[in-house]
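Participant: Any chance you could fold what I've pasted below:
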Amino acid sequence: MAAKEAAAEAATPLLPGLLDDIVLWDILVRLDPKSLLRCRAVRRDWRCATSTRRFLLAHHARQPALTVFSAASCNSSTSHHDITAFDHRAAAAAQLHTVARLDKPFSLEASCDGLLVLTMFDYTDDSSTFSVCNPATHQHAPLPQLLDFRILGMYPHGPTGEYRLLLKRGYQTGFYVFVLGSDQPPRYIGCPGTKLALSGIPVRVRDSLHWYPVYCPTESEYETESRLIIVFDPIAESFREMRAPVISTTSYIFDMDDMLGIYGCNKATGIVDIWVLQYYESEVWDLKYRVELPIAEIKEKHEDPYGQGYWYVIVALDDGDVILLVNFGHWMFYVDTDGELVATFDEVFAYRHQLKQTLVLHDFFTALESYVVDASPFI
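Facilitator: Numbering: from 1, shown residues only. Model prediction:
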């Protein structure tokens with residue numbers, strides 16, 4: 001009887017009137033993870049068709065890379081901490097949407113292919129620990145091997161299919177690599193001939209990690225010389241340098257759709273310059289945007305609760321469009337490249353990380369001690 005039911009279900013189209021290939025590869029593959037999971041619950045054949053590795057990889061490739069926010073809600077009865085994604089193309093009420101909800105405060109350390117490495121805080125004993133999670137599948141595992149290490153970046157290792165972390169230990173010279181799912185301690189890979197200052201969030205382009213030293217110049221140092229981008233080749237496990245534009249202000253590197261971008265903000269004028277490396281091999285940078293932020297408008301409409309007038313800006317590529325996020329007090333403001341104030345958000349914090357969600361199940365989770373799914377810290 002069960003065999004007959006399965007055969008009948010297999011002969012039934014996923015959606016009447018449409019070819020299964022159209023339903024699968026033109027409709028379901030475009031859904032966000034939460035919507036796809038709801039569809040899986042409707043029919044068994046939908047669940048089977050959308051659970052293959054081929055489909056899940058294609059679904060992940062279709063997901064937008066969105067800037068990650070965090071938000072918290074604490075009162076006498078409940079406390080939760082949200083991993084939130086910002087989608088500027090969504091309707092105003094849905095631009096900030098919760099990807100996952102945690103029962104502990106966290107700080108985002110690294111993001112890669114839908115995986116997040118977090119610092120989880122426990123204020124009851126004033127402790128913290130690293131952990132890795134997939135917010136779309138609610139998989140989570142602590143990483144106790146990383147105690148005393150600083151996470152510099154996360155990346156996929158093509159030849160092995162592993163996900164790895166590049167680490168530094170305290171003030172020691174040299175770097176370490178840790179394989180997610182390994183029961184071995186981080187492996188020392190040595191130290192390059194020149195001293196490297198890897199700071200800020202790396203950008204993965206052409207399968208390599210790129211850092212741009214975050215540096216705040218004094219007035220006497222403006223426009224003196226170019227800083228160098230540090231590049232880590234994860235296959236050779238070696239470092240090299242690239243030229244960067246001469247920028248006279250505090251500046252950061254970011255991902256411009258598989259190209260490198262660097263932005264600098266002049267706090268005195270409120271002007272943001274955004275540079276793009278369109279031709280990687282040439283190392284010649286183009287000034288793509290110059291945006292005057294509406295700082296006066298922001299300060300006029302919103303009172304600074306701290307009375308310091310401090311603000312900062314994050315530039316990101318959000319689903320193909322360059323966006324600017326200005327933090328002022330406990331407010332976050334979305335500004336477009338024309339310098340127009342588009343939206344305002346309260347009590348949120350934006351990271352310089354992006355999240356491209358995935359429902360791909362990674363084997364390394366089950367190899368990690370204390371691995372859980374749909375359990376704390378997820379709510």
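Participant: Any figure for the gap between residue 156 and residue 177?
Facilitator: For residue 156, the distance to residue 177 equals 13 Å [CB to CB, to the nearest Å]. All C-beta spots, glycine's among them, are computed from the backbone N, C-alpha and C.
Participant: anything in contact with each of the two?
Facilitator: residue 164 (CB atoms under 8 Å, 6 or more residues apart in numbering).
Participant: Between the two, tell me which one has more neighbours.
Facilitator: Using other CB atoms under 10 Å as the criterion, residue 156 and residue 177 rank with residue 177 on top: 18 against 15.
Participant: beta partners for that one?
Facilitator: Under DSSP bridges, the beta-bridge partners of residue 177 are residue 166, residue 187.
Participant: Relative to residue 280, how far out is it?
Facilitator: Look at residue 177 and residue 280: by CB to CB, they are 24 Å apart.
Participant: Likewise for residue 369?
Facilitator: Relative to residue 280, residue 369 is positioned 40 Å away (CB to CB).
Participant: what about the strands in the stretch 201-350 of the chain?
Facilitator: Remark: strands assigned in the stretch 201-350 of the chain by DSSP state E, counting those that start in this stretch are 203-205, 208-211, 228-233, 238-243, 251-255, 260-266, 271-279, 284-292, 311-318, 321-328, 331-335, 341-346, 349-355.
Participant: Mind putting those into a markdown table with mean neighbour count, distance to residue 96 and mean pLDDT?
Facilitator: Shown next, in a markdown table, are the strands of the stretch 201-350 of the chain (neighbours: other CB atoms under 10 Å; distance: least, CB to CB, whole Å; pLDDT from 0 to 100):
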| stretch | mean neighbour count | distance to residue 96 | mean pLDDT |
| --- | --- | --- | --- |
| strand 203-205 | 21 | 24 | 97 |
| strand 208-211 | 21 | 28 | 97 |
| strand 228-233 | 19 | 32 | 94 |
| strand 238-243 | 15 | 35 | 94 |
| strand 251-255 | 22 | 20 | 95 |
| strand 260-266 | 23 | 22 | 96 |
| strand 271-279 | 19 | 22 | 96 |
| strand 284-292 | 15 | 22 | 97 |
| strand 311-318 | 20 | 12 | 94 |
| strand 321-328 | 20 | 11 | 95 |
| strand 331-335 | 22 | 9 | 95 |
| strand 341-346 | 15 | 6 | 94 |
| strand 349-355 | 20 | 10 | 95 |
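Participant: out of these, nearest to residue 40?
Facilitator: strand 349-355 (21.1 Å; CB to CB).
Participant: Check which helices and strands the closest one is in contact with.
Facilitator: Counting contacts by 3 or more CB pairs under 8 Å, 6 or more residues apart in numbering; DSSP states H and E, strand 349-355 packs against strand 66-74, strand 79-86, strand 106-112, strand 251-255, strand 311-318, strand 321-328.
Participant: Strand partners (parallel or antiparallel) of it?
Facilitator: When DSSP bridges is applied, strand 349-355 pairs with strand 66-74 (antiparallel).
Participant: residues touching the closest residue to residue 137 other than its chain neighbours, list them.
Facilitator: Spatial nearest neighbour of residue 137, chain neighbours left out: residue 359 (6.1 Å); criterion: CB to CB, 6 or more residues apart in numbering. Going by CB under 8 Å, 6+ apart, residue 359 touches 33, 36-37, 56, 59-60, 136-137.
Participant: at 10 Å instead, please
Facilitator: Taking CB atoms under 10 Å, 6 or more residues apart in numbering, we find residue 359 in contact with 33, 36-37, 40, 50-51, 55-57, 59-60, 63, 114, 134, 136-137.
Participant: For it, give me phi and psi.
Facilitator: When quoted as degrees, to the nearest 10, the phi and psi of residue 359 stand at phi -110, psi 10.
Participant: Residue 30 too?
Facilitator: Per degrees, to the nearest 10, the backbone of residue 30 is at phi -90, psi -10.
Participant: and what of the one 3 residues further on?
Facilitator: Per-residue torsions, residue 33: phi -60, psi -40 (degrees, to the nearest 10).
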